[in-house]
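Student: Test case, fold it:
(2 chains)
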There are 2 protein chains.
Amino acid sequence: MIGKLNHVAIAVPDLAAATALYRDTLGAKVSDPVPQPAHGVTVVFVELPNTKVELLHPLGEKSPIAAFLEKNASGGIHHICYEVADILAARDQLKAKGARVLGDGEPKIGAHDKPVLFLHPKDFVGTLVELEQA
Amino acid sequence: MIGKLNHVAIAVPDLAAATALYRDTLGAKVSDPVPQPAHGVTVVFVELPNTKVELLHPLGEKSPIAAFLEKNASGGIHHICYEVADILAARDQLKAKGARVLGDGEPKIGAHDKPVLFLHPKDFVGTLVELEQA
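Tutor: As a prediction, this is how the structure comes out:
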């Protein structure tokens, strides 16, 4: 069912510093910061030859990554995103196997303007998993 | 400097269960377990079209992931690995910019029989980073 690793998301307490780290220290190609108010984050995309790393910083008062950064003050890997061909079929297969989908279980339009879902970390070896329709 | 994302490593408390999750629930192609006594882990490789996920389980008494699993009983993402063309050049550039290399600073032969180094999570936004010579 799962296809490509779409991205690894890293929550960061200082977006400018993390961007400089990936650009200047690690020598990667980075985007300008992209505010995504609907998702409560500002994102810098780190473009690798085969996938992306996304640096996430809280935006607004109800950011979904604020609690994570309170627990992980230096930052850390927040989630990984796998592509699926058909997100509704994937969701129904996962639910049939007992996996929990976060929220109301309906796909939302994600940061790349494609339908996404998040799966419960306790059902996926402690890892928050995002599925994105490819 | 950094090239492809070589893999995302997830430490897991139950390797058979995590393998079944990735194979049967997420529908990915998984390898047989590969014991790597020199690295203190048994690894199952999850092959995605563009990169790999590695499921790591402690092997032996001095496993480098034992402490992580004590703190994260359900498992979790342990490290990410980026490829570099020349690991000694990469190390020297990183050290010149103040980044700390773990251990004695000399590359070791890693799980894929290539030279690897680990970088200090505090210098990389809370993320343990492995570099592997491509």
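Student: Low-confidence stretches in chain A?
Tutor: Counting by pLDDT under 70, chain A contains no low-confidence range.
Student: So which residues on it come close to chain B?
Tutor: For chain A, the contact set with chain B under C-beta under 8 Å from any C-beta of the partner chain comprises A:1-5, A:8, A:10, A:12-13, A:18, A:21, A:24-28, A:48-51, A:53, A:55, A:72, A:74-77, A:80, A:82, A:93-94, A:97, A:99, A:121-127. Heads up, the C-betas are built off the backbone N, CA and C, glycines and all.
Student: Now, of those, which are buried?
Tutor: Restricting the residues of chain A next to chain B to buried positions leaves A:1-5, A:8, A:10, A:12-13, A:18, A:21, A:25-26, A:28, A:48, A:51, A:53, A:55, A:72, A:74-77, A:80, A:82, A:93-94, A:99, A:121, A:123-127, with burial counted as 16 or more other C-beta atoms under 10 Å in any protein chain shown.
Student: Report all helices and strands that the lengthiest helix in chain A contacts.
Tutor: Of all segments of type helix in chain A, defined using DSSP state H, the longest is helix A:87-96. Here helix A:87-96 is seen to pack against strand A:115-119, strand A:129-133 when contacts are counted using 3 or more C-beta pairs under 8 Å, 6 or more residues apart in numbering or on different chains; DSSP states H and E.
Student: With mean neighbour count as extra columns, can I get those strands in a markdown table?
Tutor: Listed next are those as a markdown table, based on neighbours: other C-beta atoms under 10 Å in any protein chain shown:
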| stretch | mean neighbour count |
| --- | --- |
| strand A:115-119 | 21 |
| strand A:129-133 | 21 |
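Student: Could you dump the ones you listed into JSON lines with distance to B:K108 added?
Tutor: Listed next are the helices and strands packed on helix A:87-96 as JSON lines, based on distance: least, C-beta to C-beta, whole Å:
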{"stretch": "strand A:115-119", "distance to B:K108": "35"}
{"stretch": "strand A:129-133", "distance to B:K108": "31"}
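Student: thinking again about what came up before, next secondary structure element downstream of the longest helix of chain A?
Tutor: strand A:108-109 (DSSP states H and E).
Student: got the contact list for the residue lying closest to A:A99 once chain neighbours are set aside?
Tutor: In space, not counting the residues next to it along the chain, A:A99 is nearest to A:D123; the distance is 4.6 Å by C-beta to C-beta, 6 or more residues apart in numbering or on different chains. Contacts for A:D123 were tallied using C-beta atoms under 8 Å, 6 or more residues apart in numbering or on different chains; they are A:98-100, B:21.
Student: Test my guess that A:G105 contacts A:L94.
Tutor: No. Counting by C-beta atoms under 8 Å, A:G105 stays clear of A:L94, with 10.3 Å between them.
Student: joint contacts of the two?
Tutor: Common contact partners of A:G105 and A:L94 (C-beta under 8 Å, 6+ apart): none.
Student: Next, count neighbours for the nearest residue to A:R100 once chain neighbours are set aside.
Tutor: Of all residues beyond its chain neighbours, the one nearest A:R100 is A:H120 (3.8 Å), with distances taken as C-beta to C-beta, 6+ apart. Taking other C-beta atoms under 10 Å in any protein chain shown as the neighbour definition, A:H120 ends up with a count of 12.
Student: Run a quick neighbour tally on A:D86.
Tutor: Neighbour count of A:D86, defined by other C-beta under 10 Å: 13.
Student: Is it in contact with A:Q133, as I believe?
Tutor: Yes. With contact defined as C-beta under 8 Å, A:D86 and A:Q133 form a contacting pair (6.9 Å).
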